[in-house]
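> Provide a 3D model corresponding to the input given below.
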Amino acid sequence: MWEDEGNKAGGKMSIKLKKDYTTIIWEELILALIGGVLPKNVKEEISGIVISVRREFNILQIWFGNFQNNIIMDIENCIKELLQIPDGVEIETKQFFKIENAGYNSNNNNDNKTNKEFSNGPNIQKRKL
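Okay, the predicted model is just below:
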C-alpha cells in the first residue's frame with residue numbers, strides 16, 4: 001500500500017496501455033522482476049506494480065521507494081527499454097507524500113504548473129518519452 005512505511009518517501013510511474021497490449025506487457029514486467037533481468041539498482045527500488053483496468057485503456061503503475069531524480073530516471077529508462085515503449089508515450093510520475101527537499105522534476109526547475117491539470121496531488125510530472 002502507498003501508506004506503508006517503505007513507500008512514504010516514494011512514488012509511482014503511470015503508463016496508459018492499450019487493452020490489446022496489457023497482458024504481454026504485464027507478463028514481461030513480472031518476468032523481468034522475478035527473473036533477474038532488471039539492474040540491481042532498479043529492482044531494489046521497485047516496491048510494487050499494479051494494473052488498473054479501465055473501459056477504454058488500462059493503467060500500469062510502477063511503485064518505487066525513493067522519489068529522487070536519479071532513481072526515477074534509472075527506473076524510467078530501464079522500463080522504457082524493457083517494454084520497448086515508443087517515443088511519444090506519456091509517463092506520469094507522482095510522489096505519494098510531499099516531502100521537503102525531495103522530488104523529481106524532468107524540466108530541471110521547480111515549476112509544476114503545467115502538470116496541475118493532470119491531477120490534484122503535489123509533485124506530479126507528465127512527460128513524453
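> now do N41 against D87, distance only.
According to CB to CB, to the nearest Å, N41 stands 24 Å off from D87. Quick note: C-beta positions are derived from backbone N, CA and C, even for glycine.
> swap in Q68?
Applying CB to CB, the value for Q68 to D87 is 25 Å.
> now swap in E76 and tell me
Taken as CB to CB, the span from E76 to D87 is 13 Å.
> which of these two has more residues huddled nearby?
A side-by-side neighbour count of E76 and D87, using other CB atoms under 10 Å, places E76 first with 21 against 7.
> I15 is in contact with the more buried one, correct?
No. E76 lies out of contact with I15 (CB atoms under 8 Å); the separation is 9.9 Å.
> overlap of the contact sets of those two?
Residues touching both E76 and I15 (CB atoms under 8 Å, 6 or more residues apart in numbering) are I91.
> so where do the helices sit in the protein?
Using DSSP state H, the helices of the chain run over 19-35, 40-45, 69-83.
> dump the ones you listed to JSON lines, plus distance to A9.
Putting the helices of the chain into JSON lines (distance: least, CB to CB, whole Å) gives the following:
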{"stretch": "helix 19-35", "distance to A9": "21"}
{"stretch": "helix 40-45", "distance to A9": "11"}
{"stretch": "helix 69-83", "distance to A9": "10"}
